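K.L.:
need coordinates for the below:
(one chain, ligands or ions: 1)
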Amino acid sequence: MQERKQSRLTLSWRVGVPHYETDEAFEALMEQVRANADWLDEVAFFDSITHHLYLPLELFEERAHILAGRIEAVRRAGVRSVGINVLATLGHLDEARDTMPPLPFQPFMGMDGRSSNGCGCPNAPGLRAYIGRKYALMAAAGPDFIWVDDDVRMNNHGVPFGCFCPVCVGIFCNTVGHDFDRSSLVAALHDADRDDLREAWLAHNGGTISALMAHVAASIAAVNPGIATGLMTAGAGDLYSGANVGRWLLDLGASKLRPGGGFYCDATPGGMVSKAYDIGRGARDVRHMPEITDIQYELENFPYQKLRKSVTALLSECTLALATGCDGVALNMLPMWGAPYDECAAYLPALRQARPRWEAFVAHAAGLPTAGLWAPWRADLLASVEPEPGRGWPGGLWEHGTAQPYVLAEIGLPLSVEPWDGEAPPRFGAVLTGRLAQAFGDEALRALLAGGVLMDTGALDVLTERGLSSLAGVRVERRIDNGAMERFTDDALNGAAAGQIRDARIEFWGDARGMGDTLETVADGVRPLAEMQDYFRRPLGACMTAYENDLGGRVVVMGYAPWMFLQSVGKRSQLLSVADWITRGKLPVRVDAAAPIIPFVRMSADRAAAAAVLLNAGLDPVAGVEVRVRLAGGERTEVVEIAPWSTATLLIG
Ligand SMILES: [Zn+2]
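P.N.:
Got it, this is the predicted structure:
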C-alpha cells in the first residue's frame, strides 16, 4: 500500500449490495479495491438493491451486520473513508411493483389522489419510525459517513408532484389557517393570482424535508454522533421541494453534498455540459458554508453498461464538474450485480491517470468563483413565475428558462453559476430569459439593466408590463411565427458578418411564439443589429437591437430564434462581439476561432488568478486554437490542442 498525501479531491466508489453480500463477491470486490487503493479515497456501500422504499427491517439488520466487517476490511486495504449510502429514505419510484412488499404506512400521494406504490409520505408517522430504525441500524455498522440519497424530494415518486395525502394536506391547512381538501388545494395552487399560496406550499415542502433530515440526523446521532452525513439532491427538481438545500444540510448536520443532475451516455454528449451547470448551481449554494467540506459530483453510468459511455466522456464530465465547483467524484460505475468487472475495467487506469491533473485543478481553483455571463435563477421561481397558460402548475418550468442560456456556452460564451444579490449588476453581464424575468422585482430588474444584459422578447414583455422597456430601448412590435429569417445589419458589432443571413425555419420546431418578434424603438440611440426578412427578402422590421440606457447599462434584445441555431460562424462572431460590448471588454475568456470550444472559467475578483477548462464539444480534433484570457495585467494568449469531447486545462496565477 502506497502512502498518499491527502488532497482536497475525493474520488469515491459507490458499491452495490451484490458486490459485498457474499464472501465470494466481496473477495472479488476487494481485489479491485486493492488494485486501485493508490488513487481511491472513499468507498460507499449501498444498503439496498431497490429504489422501492420498504423492505423488512430484519433484512437491514442482517445486512448491517455484514457491512460492519466489510467496512473494516476496506479500511485495512488503505481506503481512508468508508461508509454507507442509504438508497431509499422516501423511495425513488414504483419499482418491481409485482414483487416488492407493499408499504405498511401512508404512501406518497399525487395531486389527483393517485398513490405511489414504492414511495412513502415523508410526514407519515409510520414512515418516520421505519426510516429512523433503518438509519440507526446502518449507523451501528460503524461507517465513517452515511449518505442520504436523492429520493428526498417532493416530486417524481411514481406520481409527478406531492404529497397531497390527508396527513400532508392537514399539516398545510394548520400552517395557513385555511380548510382545504386535496382537490380544493390543487385548484387554488393553479390560480394565477395565488402566488402567496404557491409560496406557502413550496415552503411547506421545504419544511417537510427539513423535518425529515432532522429526524435522520437524530436517528444516526443516537447511535454514534461522530458519523459524518451527506445529502444528495435532485437538482432542478428541488425547486418544487422548496429549494432550501443549505437549510436541509444544516438540519442533517451534513458535511457532504452531492448536487443533482443527470448525464448517462455518449449518445447525447452535450448532456455533460448542462449537467455541469446544474451541479455547479447546486454547489455554489453551499460554498459559503464552513460545515460543507466535501462536494462530490456523481459520475452516473446507470445501468452500468460499458458501451454506453466512453472513457473520454467519463473523464470530460468529471473535469467539467470540478470546473463548476465540485471537489470530488462519487463514481457510480461498478456493474449492477457484482463481478465480473468488465463493465468498468477500462475506466480504472484512466481515473488513476487523471487524478494528478484533477488534484492540481481543485487546489488551484479553490475559492475562485465561476466567471462569465450570469444565467438567471431564483430558488423561489416556481412561486413567483405565473403558471404557463395551458400547462398545469408547476409544469416543466424549471427546464424552460433556466437551461436556455446554456446554448451560449456552445458558441464560446462562458457562463457563471454564481449567486446574485439583486443589487449590483452581475460582474460579467447577465442573460435574461422569458418568463423567468417575472421572478425578479422592479428594483432587481433595474439593477440588472444597469449592467450588461442579453435578453429575449419574453423577458422584454415582462419589462414592458413593468414599465421598464425604455431601459431596453425597444418593445415588441409584431409577433411573426413562420416564414422569417434574420439578416445582420452593417453595424460595427457585426464586423465581417454584416449582410449574412441566419435562417432557423422557426415553424419547424413547434410553437414558434416569441421566436420571430420585430422590435419597435422607444428611445433614441437604439442600434439595429439584425433585420427580419421573409423568404422573398422583404423586410419585416428590426429583430435584434443594442442600446446603452440612462443607467449606463448595455442591453441587447434578441427577437429572432434567440436560443436555437446560434452555431453559424456569423452568429457566433456577432454574439461574441455583443458579449464583449455589453461587458465592456470584460468577458473573461475569448476564443475567436469558429471551433466548438466551451469555456468553463473560474477567476478571482481581482482577475489575477484563473482556472479554466476548455471542452472540445465536437467530433473533430481542435488544434492551434488561440484562447485569450483577460487578466488584470492584460490578455494572456494560450494555444490549445484538444481531442474530440476532451478537455484542456489552464491554471493561471
Ligand atoms: Zn403525505
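K.L.:
make it CA atoms for all contacts and neighbour counts henceforth
P.N.:
OK.
K.L.:
how about the contacts made by the residue nearest to the spatial centre of the chain?
P.N.:
The centre of the chain sits closest to residue 278, judged by Cα atoms, centre = their mean, with a distance of 1.2 Å. Listed by Cα atoms under 8 Å, 6 or more residues apart in numbering, the contact set of residue 278 reads 235, 236, 260, 261.
K.L.:
biggest helix in this structure by residues?
P.N.:
Longest helix in the chain, counting residues (DSSP state H): helix 195-221.
K.L.:
would you mind listing what in this structure touches the ion?
P.N.:
Within the chain, the positions near the ion by Cα under 5 Å from the ion are 121, 163, 165, 168.
K.L.:
isn't residue 101 right up against residue 53?
P.N.:
No - contact criterion Cα atoms under 8 Å: residue 101 and residue 53 do not qualify, at 9.4 Å.
K.L.:
more neighbours: the two, which one.
P.N.:
residue 53 (27 against 15; other Cα atoms under 10 Å).
K.L.:
now the more buried one, nearest residue through space, not along the chain?
P.N.:
residue 91 (4.1 Å; Cα to Cα, 6 or more residues apart in numbering).
K.L.:
tell me which of the contacts of residue 278 is nearest to residue 429?
P.N.:
Checking those against residue 429 with Cα to Cα, the nearest one is residue 236 at 23.0 Å.
K.L.:
for the closest one, report the pLDDT, please.
P.N.:
We note a pLDDT of 71 for residue 236 in this prediction.
K.L.:
pretty sure residue 298 is in a strand, no?
P.N.:
Yes - judged by DSSP: H, G, I helix; E, B strand; the rest coil, residue 298 forms part of a strand.
K.L.:
how about it, what does it touch?
P.N.:
258, 260, 329, 330, 331, 332.
K.L.:
and the helix or strand of the chain with the lowest mean pLDDT, what does it pack onto?
P.N.:
Sorting the helices and strands of the chain by mean pLDDT, DSSP states H and E puts helix 381-384 at the bottom, at a mean of 83. Helix 381-384 sits against helix 195-221, with contacts defined as 3 or more Cα pairs under 8 Å, 6 or more residues apart in numbering; DSSP states H and E.
K.L.:
list the buried ones in the helix it packs on?
P.N.:
Residues of helix 195-221 classed as buried by neighbour count (16 or more other Cα atoms under 10 Å): 195, 197-221.
K.L.:
hmm, back to that, pull the residues that contact the least confident helix or strand of the chain.
P.N.:
195-196, 198-199, 202, 239-240, 394, 397-398, 436, 438-439.
K.L.:
just checking, next helix/strand downstream of it?
P.N.:
With elements assigned by DSSP states H and E, the helix or strand that comes after helix 381-384 is helix 406-410.
K.L.:
tell me the helix or strand right after that following helix.
P.N.:
Using DSSP H and E, the helix or strand that follows helix 406-410 in sequence is strand 415-416.
K.L.:
could you list every helix and strand in contact with that next one?
P.N.:
strand 373-374, helix 406-410.
K.L.:
just how off-centre is it within its chain?
P.N.:
Here strand 415-416 is found 13 Å from its chain centre; the criterion is Cα atoms, centre = their mean, to the nearest Å.
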